[in-house]
Structure formats: structure tokens, C-alpha cells
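> build me a model from this:
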Amino acid sequence: MANRDSDKMTQYAVELEDTVHWDQEMSYGQYLDLERLLACQQPNSGQHDEMLFIVIHQVSELWLKQCLHEAHAAAEHIRENKLKPAFKMLSRIARIQEQMIHVWEVLVTMTPADYTCFRDSLGQSSGFQSYQYRELEFLLGNKNPRMVEVHRSHRQHYERLTQVLHEPSIYDISLQLLKRRGFDIPDSYVKRDWSQPYQPCAEVEQAWGEIYRHTDEHWDLYELAEKLVDTEYNFQKWRFSHMKTVERIIGYKRGTGGTAGVSYLAKALDLQFFPELWSVRTAM
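Alright, predicted model coming up:
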């Protein structure tokens, strides 16, 4: 048996050598720019668990980058009434969100004692300062002009977030589509100051109710509604997992960036991106 396994490994190595062109112009590492990517993990404290903390947050930021890539493209397709490609993009966001939720399961292997050993090395840095997370919230509809001010000292991020703040969210764009399809959406909901928080509307709930009651007539809009619900559902699961992870590791201490920590994260669970898509379930 051992000789047979050895022969297989030898044959595999020969085939690999015949297949791979070692002198190729672009390697795997070059394509992914791995040297720069893997040089980005620079713990400050010398403590073992700080590496895990850095990697988890960097991976989350990469997933946020992909979510933004998908969400902006989905919004544009909805604007153009091209819903099928938007559905694929929204589904991909939901799957990415599942990966981001599982990340917290790795982080909770870190005990309060582990985190305390390097917490001071974080200084005033905080996930609250993530400009990608803020952009995604704005794009999904959680608009708050005050949140942009956190980034005023970083001109590029400040200008980008200000731009997204003043643009319609993916939900605003969806309501504009409903209006064009003949639903009675008030004019004040398809043309307004997009930087202000969205307020629930009875007419919007009635429009979604019509879609849900007659799915055979409005199947693509019905599917759009459910894709949006999937997105918010997973976002809320991510928020909840984040809150419980923070509670497990630091309890009710204040966050490193000066936030109220767990109590701040708990309040975020009350925020909704697409309120009528939830209230319509009670109204039906």
C-alpha cells in the first residue's frame, strides 16, 4: 500500500511539472498581488491573538468591497429595469453576508484575557470608522448625514460618502421602478432629499401588498422584494452576531473609538432599510 501511494505521488509530481509553465509571465502570486496583501498584517503588540484580530477585520473589509461592487451594480440594473442580473447580484451579497457572519464564530475563540493583552495597541481605531461599511449602509438606505463627519479628516472618503449620501438608495431606486410600473407611489417618495432618513409610507406598503397578493402578475417585483428582504435579514444577523461577539469579549466596556460598545450596537438592531417590506407581512 505504501509503495502504491508513493508511486501515485511521484506520478502526480511528474504530471504537475509537465503541466505548469514555471517561467510564465504572470504567476498566481503576481495576479493576486500576494506579496503586498500578505504584508498588510502588522501586529503592534507582539501578542499572539492580535494577528487573528487583524486578519478577521481585513477579510471583512475585502468582503465589504465585494458587497459594494455587487450592490452598486444591482442598483444600476434596477434603475434600468433589468431585474434578472440584479437578482444574481443581490443573491451574491446574501451569500457574502453569510460568510461575514461566520467570521464572528472564529473571533469568539478569543477570550477577554486574550483581547485585553493587545487592546491598547488599537489606539482610537474602531469598526465604527469603516468607510466601506458606512457606504454600504447608505446605499441600502440607512442615511444619516452626521455619520459622514467621522470621515471629514480623510478627504477622499469624506467626498465619496457625501456623494453616496446624496444619491438614492437601492430601495429608493426600487420605489421609482414601482412608480414607473404604475403603482401609486407618492411623488415625494421618488424625488426627495436623498440624504435624509427614509420614512415609512402607507401608500408604499399598499403597493408592496398588491405585489405580494398577486405574485403571478408581478413576479419579478415580488422576487425583487424577497431579494431585498434577504439582504436586510442577513445584515441584521451580522449586526446581532457582531453585538454578541463584542459582549462576549469586552462585556459592556466602551468601544476603542469612543462608542458605547454593546449598547450602541444593540440600538442598530432597531434600524430598518426597507420598512414596508416588513410591515406588509402583518398587513396582509
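> point out where the stretch 151-284 of the chain drops to low pLDDT.
Per-residue confidence for the stretch 151-284 of the chain (pLDDT under 70) gives these ranges: 257-260.
> now whichever strand or helix holds Ala86: buried residues?
Here Ala86 is covered by helix 83-107, with elements defined by DSSP states H and E. Buried residues in helix 83-107, defined by neighbour count with 16 or more other CB atoms under 10 Å: 83, 86-87, 89-90, 92-94, 96-97, 100-101, 103-104, 107. Bear in mind the C-beta positions are built from the backbone N, C-alpha and C, glycine included.
> which residues touch the helix or strand hosting Leu37?
Taking DSSP H and E as the criterion, Leu37 maps to helix 34-38. For helix 34-38, contacts defined as CB atoms under 8 Å, 6 or more residues apart in numbering pick out Tyr28, Gly29.
> re the thing from before, for His77, state which of the buried residues of helix 83-107 is nearest.
Set against His77, the nearest of the buried residues of helix 83-107 by CB to CB is Ala86 (4.0 Å).
> so who does that closest one touch?
Ala86 touches Ala73, Ala74, Ala75, His77, Ile78, Leu224, Lys227, counting by CB under 8 Å, 6+ apart.
> measure the residue most central in space within the chain to Tyr198 for me?
Nearest to the geometric centre of the chain sits Leu64, at 4.7 Å (CA atoms, centre = their mean). Remark: distance between Leu64 and Tyr198 (CB to CB, to the nearest Å) = 22 Å.
> Thr111 now?
40 Å.
> the more surrounded of the two?
Taking other CB atoms under 10 Å, Thr111 and Tyr198 do not tie; Tyr198 has more neighbours (21 against 12).
> quick one: contacts for that one?
Contacts of Tyr198 (CB under 8 Å, 6+ apart): Gly141, Lys143, Ser169, Tyr171, Asp172, Pro275.
> if we use 6 Å, what do you get?
Gly141 (CB atoms under 6 Å, 6 or more residues apart in numbering).
> repeat that for His151.
Neighbouring residues of His151 by CB under 6 Å, 6+ apart: Tyr131, His157, Tyr158, Leu161.
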